[in-house]
Structures are given as C-alpha cells and as structure tokens.
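**Student:** show me how the following folds:
(chains A, B, C and D)
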There are 2 protein chains.
Amino acid sequence: MQEKVFKPTDAELEILSIVWENGPSTVKFVNEKLNESRLVGYTTTLKTMQIMYEKELLGRNRSGRSHTYKALRKESETQGMILDKILDTVFSGSASKLVMQALTSGKTSPKEIEEIKNFIEKMKGDDDGNI
Amino acid sequence: MQEKVFKPTDAELEILSIVWENGPSTVKFVNEKLNESRLVGYTTTLKTMQIMYEKELLGRNRSGRSHTYKALRKESETQGMILDKILDTVFSGSASKLVMQALTSGKTSPKEIEEIKNFIEKMKGDDDGNI
DNA sequence: CACCACATACGAAACCTTTCGTAATTAGAT
DNA sequence: ATCTAATTACGAAAGGTTTCGTATGTGGTG
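**Tutor:** Numbering: from 1, shown residues only, chains lettered A, B, ... in the order given. Below is the predicted model of the structure:
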C-alpha cells in the first residue's frame, strides 16, 4: 500500500526513457535527444530535470562544470507501476482484458506473439509447481 | 496519424468508467457513484461532465429538468487508445514487453492466464492463415 | 586575472486540471 | 402565479505542468 503513488508526468517520462536507454546523461545530451523528435529549449529540459531531481526521479552528481543525471528507479519498476495504475483505472483490474486489448491493436508482430506464448507457457509451469 | 491524441484526464476517466458500466446517466447518479469511493461535490462532477461534453467525450440530452449523459466512444476504443500511447511512450513500442510486464505484476489469476493463452492460440491460427 | 563559453539557478508566465461557491434557470406543488 | 427544490451555468481559485527569459556561477584560456 504505497501512500504516494509515484507518477512521472509526460515530460518526465520522455526524459526517463532517454536516460534509461542511454545511461547517465547530461542535460545537454538529453536535450539534444529530445530535439530529435520535438523542439524544446535547453532551459526547459534543465528545469524539468532539476524538478525530477527534487522529486527523486533522478539522481545527479557534478562532473566538471555540469551535472550527470541518472535514473533512480529501474525501467521495469516504473513500467510496472504505470501499468498497474492503468490496469486499475482503465481495465477495472482485469489483466486479461488489458493483455487482449494490447494484442488486438495490431501492433504486435508474429515474432512477439511467439515470445509471449512461450512466456506464458513457462509461467503456467511455475504456477503449477506452487499450487 | 491522429493529429490530436484523445486523452481523458484522470477525473474524466473515473466518470467514463461509471458511464460505461451503467449506461447513460445523470450527473446526480454519477456523483453518487463517485462518492462511493471518494468525496466529490456535486458541482465538481457537473462541471467535469460539462467539460467532457464540450470535448465530445460525452453526449447529452435533456430529460425533464436534467441532462442524461452518454459516452461517445466505446470502452474498448478508449482502452485501445490509452494502451497504444503507453505502448509507445513507456514500452518503446514493444507489445511483448508490455504484456510480460502485465503478467509479471502478480495480479493475474491462473484463470486469466488460461484465457490469455487460449486467446493467443486463436490469434496465431488467424495469423497463419494470412501469411 | 580577465574574459568567454557553458552550465546551472531562479522566477514567472501560460496553460491545464480539479475544485467549488454563487447565480440563474426550470419543473412541479400549493 | 408563487414558492421551493433540483438542476444547470458561470466564474474563479488553487494546484500542478511545461515553458523559457534572465541572472548567476564556474572553469578553462589567453
């Protein structure tokens, strides 16, 4: 039962993605990455990352005259939290509905479907052992 | 390529859930339902539903002195849009990662896992026909 | 050490969401 | 017709997010 649900905003999520993918990064680097997909001013990115530091979404330390920021939570942990919230608020807690909706969107390749199937087979095996 | 991504806010999603589950509803009804889980003033609910009407999330028509509101989009359509966004922004487009994360959270019952497995089997069959 | 380039810090504007108080409207009862 | 209770409409405050301009600080170079 977490008291305060951890919930990055959209802008924060964009930055987290970059840091997760590229590892500890400077504001300059993150801002350049952001600008590959949309226009954002440098100080905008800086400010957002400073806020994320205050919120403890990012850690940082000086290196020379600048800061290097790193994600304080693992990508999978954050993904899990976000998905749990969606599960509750959008799918009334039904994971099967969520999964089926995800698979129905048509954005899943046959290869991915195969991966998922294998994953489920493995999972069922684990469960059987525990029942 | 949708120009303007449709994205209900949290409060709007709460209301949509109620209307999806119960069908066309008055403000009074929705507000009572909301108050089963948290305290919300009547005019707060009213205002939110009026905004949703302007945004074309809800349709409405007078019945007597009050309005009856109905959802203008199907639940599944909205769920799909929300999930697509999460897929892109949180899972870099990898549906398999998303699905596995959903299944790993531990909130999926064995019965649901069975349902999902059957669904995938069926899906694979459909695909094979198309390849 | 003075300068320049770069980086951070600060503050505020613009915008959105959520909330609710108050005013106006309406339908039905007396 | 008038009053009352229910309902809608309106406006604005409070809080959060995103944006960026300007000020301040810092480290290396001449």
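**Student:** where does A:Thr48 land in three-state SS?
**Tutor:** The assignment at A:Thr48 comes out as helix when based on DSSP: H, G, I helix; E, B strand; the rest coil.
**Student:** contacting residues for it?
**Tutor:** A:Ala11, A:Glu12, A:Ile15 (C-beta atoms under 8 Å, 6 or more residues apart in numbering or on different chains). Heads up, the C-betas are built off the backbone N, CA and C, glycines and all.
**Student:** do you know how far the second one is from DNA strand D?
**Tutor:** Computed with C-beta to the nearest atom of the strand, to the nearest Å, the distance linking A:Glu12 and DNA strand D is 5 Å.
**Student:** and for A:Lys55?
**Tutor:** On the measure of C-beta to the nearest atom of the strand, A:Lys55 and DNA strand D end up 8 Å apart.
**Student:** between the two ends of stretch A:90-101, how far is it?
**Tutor:** 11 Å (C-alpha to C-alpha, to the nearest Å).
**Student:** flag every residue of chain A that's near DNA strand D.
**Tutor:** Proximity of chain A to DNA strand D (C-beta under 7 Å from any atom of the strand) is limited to residues A:7, A:9-12, A:39-41, A:43-44, A:47-48, A:51, A:64-65.
**Student:** what comes into contact with the helix or strand where A:Arg62 lies?
**Tutor:** Using DSSP states H and E, A:Arg62 sits within strand A:58-63. Contacting residues not belonging to strand A:58-63 are listed as A:Ile15, A:Val19, A:Met49, A:Met52, A:Tyr53, A:His67, A:Thr68, A:Tyr69, A:Lys70, A:Ala71, A:Leu72 [C-beta under 8 Å, 6+ apart].
**Student:** mind checking which of the residues of chain A next to DNA strand D are in strands?
**Tutor:** Judged by DSSP state E, the residues of chain A next to DNA strand D include no members of strands.
**Student:** just the buried ones from these?
**Tutor:** When the residues of chain A next to DNA strand D are checked for burial by 16 or more other C-beta atoms under 10 Å in any protein chain shown, the buried set is A:Ala11, A:Glu12, A:Val40, A:Thr48.
**Student:** hang on, the earlier thing: tell me which of the contacts of A:Thr48 fall in helices.
**Tutor:** A:Ala11, A:Glu12, A:Ile15 (DSSP state H).
**Student:** right, and the second one touches A:Met52 too?
**Tutor:** Yes. In this structure, A:Glu12 is within contact of A:Met52 by C-beta atoms under 8 Å, at 5.6 Å.
**Student:** quick one: the ones in helices among the contacts of A:Thr48 as CSV, columns for pLDDT too.
**Tutor:** As requested, these are exported to CSV (pLDDT from 0 to 100):
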residue, pLDDT
A:Ala11, 98
A:Glu12, 98
A:Ile15, 98
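**Student:** redo the residues you listed as JSON lines? Include distance to B:Ile113.
**Tutor:** Listed next are those as JSON lines, based on distance: C-beta to C-beta, whole Å:
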{"residue": "A:Ala11", "distance to B:Ile113": "36"}
{"residue": "A:Glu12", "distance to B:Ile113": "33"}
{"residue": "A:Ile15", "distance to B:Ile113": "35"}
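**Student:** domain-wise, how is chain A divided?
**Tutor:** With domains defined by automatic domain parsing, chain A comprises A:10-71, A:75-130.
**Student:** show me the one of those that comes nearest B:Glu121.
**Tutor:** domain A:75-130 (7.8 Å; C-beta to C-beta).
**Student:** ok, A:Tyr69 - contacts?
**Tutor:** With C-beta under 8 Å, 6+ apart, A:Tyr69 has these contacts: A:Val19, A:Pro24, A:Ser25, A:Thr26, A:Val27, A:Val30, A:Met49, A:Met52, A:Tyr53, A:Leu58, A:Gly59, A:Arg60.
**Student:** what's the answer for A:Met123, then?
**Tutor:** A:Met123 sits in contact with B:Leu103, B:Ile113, where contact means C-beta under 8 Å, 6+ apart.
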